[in-house]
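**Q** Please work out how this folds:
(one chain, ligands or ions: 1)
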Amino acid sequence: MTLPESKDFSHLYSDETNARKPSPLKTCIHLFQDPNIIFLGGGLPLSDYFPWDNVSIDSPAPPFTKGIGHPISELSNDEVCKVDLKKDVKVHEGDIPLARSLQYGFSQGQPELLEFIREHNKLIHDMQYEDWDVVATAGNTNAWESTLRVFCNRGDVILAEAHSFSSCLAAAQAQGITTFPVPIDDKGIIPAKLEAILDNWTPGAPKPKLLYTIPTGQNPTGTSLADERKPEIFRIAQKHDFLIIEDAPYYFLQMDKYERDLQKRAVTRAQPRESHKDFLASLDKTFLSVDTDGRVIRLDSFSKVLAPGSRLGWITGSKKILKPFVSLHEMTIQAPAGFIQSVVSSTLHRWGQSGYLDWLQGLRHEYTLKRDCAIDALHKYIPENKAFVINPPIAGMFFTVNIDASTHPEFKTKYDSDPKKVEHALYEKVISRGVLVVPGDWFITEGDTVPPQPAASKERENPNEIFFRGTYAAVSPEKLTEGLKRLGETLHEEFNV
Ligand SMILES: Cc1ncc(COP(=O)(O)O)c(C=O)c1O
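**A** Alright, predicted model coming up:
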């Protein structure tokens, strides 16, 4: 079946994007690789003067039967994937010789890396239009900053989940962009509320250009947007003509469902590893898979699945929409660092698509164990009381403990009926017991338009609800359990339960 072409969204571009002329030097850089051309056109140093001749890298080899965290030194030779990167030659398909990756050029990303990513994308998304592509980035922080610059001017408005990743909100606000909150529940954005906000948008206020969302393993709430809500939200985006930015660093940290009953859990966890087909079928539907227009821009990152310091990720979108991203990158990052593109491309091509899926399944297994440990400890130590709600996450790195602040015995007398004051006091008390969890207040999406939006669009469902965000990713099970015990003791003491 031939798929349709994506639509044009250039009417949503920022003044900066409209003003940017292509860098004339970049129009001829591809000729640098042409053996028939003596290239005297640019300030490219001769690769002979790059001091690095080769790089050796060992990683575990698929299918990672001993688990993905097993020390390399304890693996046998055939359980280790060895890469010997050379300066001028490809030893293996997918290698990017250092002389090329360390040189200027290829702002979209090195072809071998992009080829792997495109093939991987085809396994994950059910693309609905023909002309899609990918651009390499220095991770989602960079991709988001680029997105803001490609589309937004000072004074523009974007929508974001009512609690969202504070660094991304701060990046927008620092550019003079208003972040307007959209109500969420334990299944993510509530489509009816989103639609009501937009249907009742104040005349004269700039309409939102973007919806920034973290659909899977949301940061900070740990929730995942229900699949059935995605086409609804996409329809609202069509109706009100905004783009959806799907920030997906946690997409592959999707876990098995939490099972509190230990006997039942033991049965599920003892199952052999699922097939790739079942694994792929179990993953959340992506916004890209419902996008018939090319109005979804998806940000993927290797940070949470390989290593944050790799500073490598990619954007997927229509070729039209990716053009201004490449032009911006030509003038900002130029391209992600050459070393990392070579290292990741060589490793992934040796693992193969199937080996990479093995890796991602290994991660799922590890995170499921850690999540189980955290939620078990929360059930053990957090007061069993309606005022405290534990939401076992099915993706990502975060859990939350939600608390009805009005049940604090001194809510009125000491804290002036202000839930934020309770949250702050608890934060300090928990730290004094030697554990750090982060108050939900740090992630509130705040902002209003000029002229303002109607009061009904800004109502909060449970104004007295506060929460703390913790992660099970960063510490050992023993420390995790001890930390949550201390959190529980503080809550028992403070709430007299
Ligand atoms: C929602 C979200 N987006 C982006 C990032 C940053 O990702 P990267 O390391 O790819 O820049 C994070 C990291 O914590 C995150 O939680």
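**Q** need the contact list for the nearest residue to residue 89 once chain neighbours are set aside.
**A** Among residues not flanking residue 89 along the chain, residue 97 sits closest, at 6.1 Å (CB to CB, 6 or more residues apart in numbering). The C-beta positions use only the backbone N, C-alpha and C, and glycine is treated the same way. If a contact means CB atoms under 8 Å, 6 or more residues apart in numbering, then residue 97 has 85-90, 342 as its contacts.
**Q** now residue 375
**A** Contact analysis of residue 375 by CB under 8 Å, 6+ apart lists 258, 260, 390, 392, 399.
**Q** Can you tell me how far the third one is from the ligand?
**A** Using CB to the nearest ligand atom, to the nearest Å, one obtains 21 Å as the distance from residue 390 to the ligand.
**Q** Repeat that for the first one.
**A** If you measure residue 258 against the ligand using CB to the nearest ligand atom, the figure is 21 Å.
**Q** quick thing: my sequence starts at 28, can you match it?
**A** Okay, using 28 as the starting number, the last item reads as residue 285.
**Q** you'd agree that residue is up against residue 398?
**A** Yes: the pair formed by residue 285 and residue 398 meets the contact definition of CB atoms under 8 Å, at 6.7 Å.
**Q** what about the residue nearest to residue 116, distance to the ligand?
**A** Per CB to the nearest ligand atom, residue 124 is found 26 Å from the ligand.
**Q** How far off centre is stretch 352-364?
**A** On the basis of CA atoms, centre = their mean, to the nearest Å, stretch 352-364 sits 20 Å off its chain's mean C-alpha point.
**Q** Over to stretch 174-185?
**A** Chain-centre distance of stretch 174-185: 20 Å, with CA atoms, centre = their mean.
**Q** do the same with stretch 513-524
**A** In terms of CA atoms, centre = their mean, the centre of stretch 513-524 is found 33 Å from the chain centre.
**Q** Skip the chain neighbours and tell me the closest residue to residue 450.
**A** residue 493 (4.2 Å).
**Q** again with residue 125
**A** Once flanking residues are discounted, residue 125 sits nearest to residue 114: 4.7 Å by CB to CB, 6+ apart.
**Q** How many neighbouring residues does the one you found have?
**A** Residue 114 has 17 neighbours, counted by other CB atoms under 10 Å.
**Q** Which of the three states applies to residue 187?
**A** Under the three-state scheme (DSSP: H, G, I helix; E, B strand; the rest coil), residue 187 adopts strand.
**Q** sorry, back to before: CA atoms only for the host helix or strand of the residue nearest to residue 450 - export them in PDB, please.
**A** Taking DSSP states H and E as the definition, residue 493 sits inside strand 492-498. Extracted as PDB, the C-alpha positions of strand 492-498 are listed here (Å, rounded to 0.1, in the frame of the first residue of the first chain):
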ATOM      1  CA  GLU A 492      -3.000  16.500  46.800                       C
ATOM      2  CA  ILE A 493       0.800  16.600  47.000                       C
ATOM      3  CA  PHE A 494       3.300  14.000  45.900                       C
ATOM      4  CA  PHE A 495       6.900  13.000  46.100                       C
ATOM      5  CA  ARG A 496       8.800  11.500  43.200                       C
ATOM      6  CA  GLY A 497      11.400   8.800  43.800                       C
ATOM      7  CA  THR A 498      13.400   6.600  41.500                       C
END
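**Q** next SSE after that strand?
**A** Next helix or strand after strand 492-498 toward the C-terminus (DSSP H and E): helix 504-522.
**Q** which residue ranges form the strands in the stretch 178-327 of the chain?
**A** Counting by DSSP state E, counting those that start in this stretch, the stretch 178-327 of the chain has strands at residues 184-188, 205-209, 211-212, 215-216, 237-240, 270-274, 323-328.
**Q** and of these, who's closest to the ligand?
**A** strand 323-328 (3.2 Å; CB to the nearest ligand atom).
**Q** Now tell me what touches that closest one from outside.
**A** 152, 164, 166-167, 170-171, 174, 261, 270-276, 278, 313-315, 317, 339-344, 348.
**Q** One more pass at 7 Å, please.
**A** 166-167, 170-171, 174, 270-276, 313-315, 340-344, 348 (CB atoms under 7 Å, 6 or more residues apart in numbering).
**Q** How about stretch 358-371?
**A** Contacts to stretch 358-371, defined as CB under 7 Å, 6+ apart, come from residues 50, 84, 112, 123, 125, 128-129, 131, 133-134, 136-137, 140, 163-165, 169, 329, 333, 337-339, 356.
**Q** Mind giving me the ChimeraX select for those residues, buried ones only?
**A** Buried residues among the contacts of stretch 358-371 (16 or more other CB atoms under 10 Å), as a ChimeraX selection:
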select :112,123,125,128,129,131,133,134,136,137,140,163,164,165,169,329,333,337,338,339,356
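**Q** can you tell me which of the contacts of stretch 358-371 are in helices?
**A** 125, 128, 140, 169, 356 (DSSP state H).
**Q** Show me which residues of the protein are close to the ligand?
**A** Within the chain, the positions adjacent to the ligand are 166-168, 192, 195, 241, 246, 274, 276, 328, 330, 335, 340 by CB under 6 Å from any ligand atom.
**Q** Take the residues you listed and write them to JSON lines, including neighbour count and pLDDT.
**A** Converted to JSON lines, these look like this (neighbours: other CB atoms under 10 Å; pLDDT from 0 to 100):
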{"residue": "166", "neighbour count": "21", "pLDDT": "98"}
{"residue": "167", "neighbour count": "25", "pLDDT": "98"}
{"residue": "168", "neighbour count": "21", "pLDDT": "98"}
{"residue": "192", "neighbour count": "22", "pLDDT": "97"}
{"residue": "195", "neighbour count": "25", "pLDDT": "97"}
{"residue": "241", "neighbour count": "28", "pLDDT": "98"}
{"residue": "246", "neighbour count": "22", "pLDDT": "95"}
{"residue": "274", "neighbour count": "27", "pLDDT": "98"}
{"residue": "276", "neighbour count": "26", "pLDDT": "98"}
{"residue": "328", "neighbour count": "25", "pLDDT": "98"}
{"residue": "330", "neighbour count": "18", "pLDDT": "98"}
{"residue": "335", "neighbour count": "13", "pLDDT": "98"}
{"residue": "340", "neighbour count": "24", "pLDDT": "98"}
